[in-house]
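J.: next come a sequence and a model predicted from it.
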Amino acid sequence: MPLPTTIITITPPSTSCPAPIFPPNRPHFPPRNLFTTKTILHNHRPTMANLSGFGFSIGSRLVASSGTSGSVADDEVRTLIEYAAGEGGATVGDDLVLLFHQLQYACKRIAALVASPFNSSLGKHKGLSGGGASAAGSGRDAPKPLDIVSNEIILSSLKNSGKVAVMASEEDDTPIWITDDGPFVVVTDPLDGSRNIDASIPTGTIFGIYKRLPELDHLPKEEKALLNSLQKGTNLVAAGYVLYSSATIFCTSFGSGTHAFTLDHSTGDFILTHPSLKIPPRGQIYSVNDARYFDWPNGLRQYIDTVRQGKGRYPKKYSARYICSLVADFHRTLLYGGVTMNPRDHLRLVYEANPLSFLVEQAGGKGSDGKSRILSIQPVKLHQRLPLFLGSLEDMEELESYGDVQQKVNPGYEV
Ligand SMILES: O=P(O)(O)OC[C@H]1O[C@](O)(COP(=O)(O)O)[C@@H](O)[C@@H]1O
């Protein structure tokens, strides 16, 4: 029997997509100064109605933690902004809420950017496919186009918040002074792990927030920008990361616990899914680039040899996991426990080590350079690098007991 010849016409969705431009060419959205905490909360209330169509139950961690089961009632859904504004327990002040409102907006734009089919053409248009040269980084550290665009997105959001005096970014040689009366200082790695982007491996934004130091107000802009940015991690008032992966996760702490929010693409809200995250006191995973084994000091080799044979303080054989994307490796460690590390002088104290140490401490874990607590180290240079070890309390104590864990040989690896 002859097959019927049916002509199928595919009608494109009526909501046609404008050609993507990164960053989108929209003047000040969300508009500057139009928002108060109240208007933000009023205009951005997600309901279960607009979530339920997806046939999944959100907030399972909320359900588990409250000891109930079944679907989550509408009033149990908390957005990042509601949480920050006090409805979920944190009271951080209106200025910080407004700043977070802009930060989450910036990160949603970056999430769209990293998932865009137009990434490669972005590089070509800008003539930056090999990465631009910068004093802050050279060789394999040279910024890639997506780093640069993400940096611009964050800077523009921080400016729009009206709440930030200075931004120091891993992508900029020097901090940028934004406004004299901004109460906050923001340090950021706008897009960590971007060398993996062509393979669609997870990436992340890392940020830390300090108060502007009023005692420096009289200094010239360059000087006060630098000194405000070189604050110790113990001064952090908030920190966070945003993981761009199969889910977009905004994990943050205002100094009272670490909480993670998952982006609900149907509403555009970050929904509280992991309140009061606690890193397990002991994990069974170590995370390190172990191709560097022969450049490691004896202490680190012995530690890894011991735990992978199940001969450590915890008598089970450890597993290895290494994505080579700091935010992703850190996020997994926070959830499953164990230790994630980069033992050579590679990661940056100001933009990476301090914010992530703040988060891991708030979750009950530890952040160290192998000898000292990260948050207690006084930064002396903006782009200062150091060995970084983050993880479960017991794993970290065991690792540090080997003494000699910092990799001194750092030959500049090709990949
Ligand atoms: O090459 P190594 O030592 O494994 O370093 C990998 C680490 O470097 C990073 O890619 C950051 O380095 P860049 O700033 O050079 O991108 C992290 O995401 C990752 O954890």
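T.: Cool, got the structure.
J.: run through the residues that contact the residue of the stretch 51-200 of the chain found nearest the ligand.
T.: As assessed by Cβ to the nearest ligand atom, the ligand sits closest to residue 193 within the stretch 51-200 of the chain, at 3.9 Å. Where C-beta positions appear, they are placed from N, C-alpha and C, glycine not excepted. Going by Cβ atoms under 8 Å, 6 or more residues apart in numbering, residue 193 touches 201-204, 323-328.
J.: same thing but 10 Å
T.: When contacts are counted by Cβ atoms under 10 Å, 6 or more residues apart in numbering, residue 193 touches 114, 201-204, 243-244, 323-329.
J.: among those residues, which one has the most neighbours?
T.: Of all the contacts of residue 193, the most densely surrounded is residue 204 (30 neighbours; neighbours counted as other Cβ atoms under 10 Å).
J.: mind jotting down where the strands sit in the stretch 51-200 of the chain?
T.: Taking DSSP state E, counting those that start in this stretch as the criterion, the stretch 51-200 of the chain contains strands spanning 164-169, 176-177, 184-192.
J.: which of the ones you listed sits most buried?
T.: Each of these was scored by mean neighbour count; the highest is strand 184-192, a mean of 28, by mean count of other Cβ atoms under 10 Å.
J.: name the residues of this structure found near the ligand, please.
T.: 140-141, 192-193, 195, 289, 324-326, 342, 344, 346, 413 (Cβ under 6 Å from any ligand atom).
J.: walk me through the domains of this structure.
T.: For the chain, the TED database gives the domain ranges 80-119+144-276, 285-401.
J.: re earlier: and which of the contacts of residue 193 is nearest to the ligand?
T.: Of all the contacts of residue 193, residue 326 has the smallest distance to the ligand: 3.6 Å, by Cβ to the nearest ligand atom.
J.: the spatially closest residue to the closest one that is not a sequence neighbour and residue 242, how far apart?
T.: Nearest non-adjacent residue to residue 326, counting by Cβ to Cβ, 6 or more residues apart in numbering: residue 192, 5.1 Å away. Distance of residue 192 to residue 242, given as Cβ to Cβ, to the nearest Å: 10 Å.
J.: pull up the overlap in contacts between the two.
T.: Listed as contacting both residue 192 and residue 242 by Cβ under 10 Å, 6+ apart are 203-206, 327.
J.: name the SS class of the one residue sitting closest to the centre of the chain, please.
T.: Closest to where the C-alpha atoms of the chain average out (Cα atoms, centre = their mean) is residue 241, at 1.9 Å. Secondary structure, DSSP: H, G, I helix; E, B strand; the rest coil: residue 241 is strand.
J.: looking at the sheet around it, what are its partners?
T.: Per DSSP bridges, the residues bridged to residue 241 are residue 206, residue 251.
J.: so what's it up against?
T.: So residue 241 contacts 107, 189, 192, 204-208, 249-252, 260, 326-328, 330-331, 334, 352, 355-356, 359 (Cβ under 10 Å, 6+ apart).
J.: the stretch 251-400 of the chain: helices as residue ranges?
T.: 298-308, 326-336, 354-362, 393-400 (DSSP state H, counting those that start in this stretch).
J.: would you list the shared contacts of residue 192 and residue 242 in TSV and tack on pLDDT and distance to residue 268?
T.: Rendered in TSV, the data for the shared contacts of residue 192 and residue 242 read as follows (pLDDT from 0 to 100; distance: Cβ to Cβ, whole Å):
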residue	pLDDT	distance to residue 268
203	97	20
204	98	19
205	98	17
206	98	22
327	98	21
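J.: for the residues you listed, which two are the farthest from each other?
T.: The distance between the two most remote of the shared contacts of residue 192 and residue 242 (Cβ to Cβ) is 10.5 Å, for 203 and 206.
J.: identify the contacts common to those two.
T.: In contact with both residue 203 and residue 206: 190-192, 242-243, 326-327, using Cβ under 10 Å, 6+ apart.
J.: top helix in this structure by residue count?
T.: helix 94-114 (DSSP state H).
J.: now do the buried residues in that helix.
T.: Judged by neighbour count using 16 or more other Cβ atoms under 10 Å, the buried positions of helix 94-114 are 94-111, 113-114.
J.: try stretch 309-324
T.: 312, 314, 318, 321-323.
J.: again with stretch 82-96
T.: 82-85, 88, 90, 92, 94-96.
J.: and those, which two are furthest apart?
T.: Pairwise distances across those peak at 18.3 Å for 88 and 95 (criterion: Cβ to Cβ).
J.: got a pLDDT number for the residue lying closest to residue 263 once chain neighbours are set aside?
T.: Once flanking residues are discounted, residue 263 sits nearest to residue 248: 3.8 Å by Cβ to Cβ, 6+ apart. With respect to pLDDT, residue 248 has a value of 98.
J.: lowest average confidence, helix or strand, in this structure?
T.: Ranking every helix and strand in the chain by mean pLDDT, DSSP states H and E puts helix 60-66 at the bottom, with a mean of 36.
J.: residue contacts, residue 238?
T.: Each residue near residue 238 by Cβ under 10 Å, 6+ apart is listed here: 84, 90, 92, 96, 99-100, 103, 184, 186, 207-210, 252-255, 355, 358-359.
J.: much appreciated, bye for now.
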